[in-house]
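A.B. asks: how would this look folded up:
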Amino acid sequence: MALPRGPRLRTGAALLLGLAGCAPGLPGPGGGAPAASSAPHVPWTPPAPTAAPPAPPPAAGQVPPELAQRLKQLTAADVVDLALRNNPTTLEAWANARAAAAAYGASRSAYFPEVDASASVTRVKTAATAGRVAVTQTNYGPSATLTWLLLDFGGRGGAIEAARQALISADWTHNAAINDVVLQSQVAFYNYVATGALVAAQRVSLEDAQANLDAAEARRQVGTATIADVLQARTALSQAQLSLETTEGTRQTARGALALALGVPANLPYDVDSVTAPVPVGALGDSVDALIARAVRDRPDLAAARATAAAAAARIRQLRGARLPSITATGDGGFTYIVNKSGGGSNYTIGLGLAIPLFNGFGREYSQKQAEFLADAAQAQQRSLEQQVTYQVFSSYYALQTATRSVQTANDLLASATQSDEVALARYKAGVGTVLDLLSAQSALASARAQVIQSRLNWQTSLAQLAHDAGALDAKGRADIRLAPDTLNENPPR
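C.D. replies: Numbers count the residues shown, from 1 in each chain. Predicted structure coming up:
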């Protein structure tokens, strides 16, 4: 039995309200996880982990075959090569450059006509009317449409030029990323080698401390030294052992930092060839003005900033052209077939249109002003980067000069400390020196060894930094900077 109209309306309204009250909650990401936490102070619970495919072995395919054979003796050039292959920074910059190239290619399509093809099938049935019978007919056929921008006043050219300059900027940014990775890998390499040299120097210091303890015990046995001398020598030995263990831990940290720069896992079983690491130390042969001029000319990040400013200027041209008339050619054509009838019919339309922008609420004008202000900002950023480049080269230049002098001073310090230690040990063994004099001389010698290593590290990293800042660091890690012949009387730590 049908309900009266009034009860039916009330029943329908009640049903709609019931459905509205049963509206579903916020959807979750799946796996039984809620859409969001239940309260601001409650952390969200992620979905249950799903079974993942087994991970490949660490560093699989990341080391080229030619380097895998000497993975335990990587040279500085090998380190740079590996870093450029694996470091995500270069991979990201390269992908961005290729994306910019594709965008430039897409922008150039504005010079060509746009042609689209389509096909359709239509079933038509007319109703029977007085004097006419119902007709059923099926039509089908292909068609094509052409649109071609023939002429505008700079809008198309400005868009293409902006894309071209964006591509140039992305390519220069990729080059800058390469230089940054080269510098990062070189600094990590030199730091790892220097830490290894410091470990070797501290092992020598540990041997010296053991020799001092043996001498103190020998003197105590013959009655020329006290137990205090032996205890002081033993304390110095323990301190040398503790310093060695601490530096060995630091070396592992430096090894992990180098692996990070290489873009490989920190537990990859690799090592470096520290024998080929030293570079002859020499004074700079280039002036700071020449290096600054070279940096302003060759720095890839500065070239990228110039291209970005040029792209911003081209964007003004594009938006200015959007305010001017344009001429477009259009055309479409097709052929229609009728089922159960022979032949068919063709149709086409050809048009030439003139578009004149008149008014859109001043949107085009404001867009052009925005582009002009952004172009001014891009030029200001370029000038700011030029000043930063000048400062970086200036600072790196004098940092390298200071590091060069420090190497000489550290070498002289090591020579004096070595002689002082030898004299103190001989005097102590002869019974005319005290254990405090011996331990003091040994401490000064250990400090001198560490300062020689640190000064060498500072010089190598300062040279790499100056080459990077001056735009003189190539993709092989070579610094194209003139240095005077090595005239320093270097005494490597023993």
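A.B. asks: Quick one: distance of the host helix or strand of residue 412 to the chain centre.
C.D. replies: Assigned by DSSP states H and E, residue 412 falls within helix 363-430. Centre-to-centre, helix 363-430 and its host chain are 21 Å apart (Cα atoms, centre = their mean, to the nearest Å).
A.B. asks: So for it, mean pLDDT?
C.D. replies: Average pLDDT, helix 363-430: 93.
A.B. asks: Low-confidence regions, the chain specifically.
C.D. replies: Applying pLDDT under 70 to the chain flags residues 1-25, 28-33, 49-62, 66, 275-279, 343, 485-494.
A.B. asks: Strands of that one, start to end?
C.D. replies: 114-125, 136-151, 326-338, 344-355 (DSSP state E).
A.B. asks: contact partners of the last one?
C.D. replies: Same thing as strand 344-355. Here strand 344-355 makes contact (Cβ atoms under 8 Å, 6 or more residues apart in numbering) with 141, 325-338. (C-beta placed from N, C-alpha, C; glycine too.)
A.B. asks: Out of the strands of the chain, flag the one nearest residue 198.
C.D. replies: Residue 198 lies closest, by Cβ to Cβ, to one member of those: strand 114-125, at 67.2 Å.
A.B. asks: got the angle for the closest one vs strand 136-151?
C.D. replies: 160 degrees (axes from the mean of the first three to the mean of the last three Cα atoms, to 10 degrees).
A.B. asks: Which neighbouring elements make contact with strand 114-125?
C.D. replies: Other elements packing on strand 114-125 under the criterion 3 or more Cβ pairs under 8 Å, 6 or more residues apart in numbering; DSSP states H and E are strand 136-151.
A.B. asks: The strand it packs on packs against which elements?
C.D. replies: strand 114-125, strand 326-338.
A.B. asks: Start from the N-terminal end of this structure and give the helices.
C.D. replies: 5-21, 65-68, 76-86, 88-107, 155-221, 227-262, 288-298, 300-321, 363-430, 435-469 (DSSP state H).
A.B. asks: What are the phi and psi values at residue 323?
C.D. replies: Torsion angles at residue 323 (phi, psi; degrees, to the nearest 10) stand at phi -90, psi 0.
A.B. asks: if I pick residue 150, what's in contact with it?
C.D. replies: Residue 150 touches 327-329, counting by Cβ under 8 Å, 6+ apart.
A.B. asks: Return the member of those residues nearest to residue 244.
C.D. replies: residue 328 (79.5 Å).
A.B. asks: Out of the helices of the chain, which is closest to residue 477?
C.D. replies: Comparing the helices of the chain by Cβ to Cβ, helix 76-86 comes nearest, at 3.9 Å.
A.B. asks: chain center to the closest one: distance?
C.D. replies: The answer for helix 76-86 is 15 Å, by Cα atoms, centre = their mean.
A.B. asks: In it, which residues are buried?
C.D. replies: Buried residues in helix 76-86, counted by 16 or more other Cβ atoms under 10 Å: 76, 78-86.
A.B. asks: which ones are touching residue 99?
C.D. replies: residue 170.
A.B. asks: For residue 127, see how far away it is.
C.D. replies: Residue 99 sits 57 Å away from residue 127, going by Cβ to Cβ, to the nearest Å.
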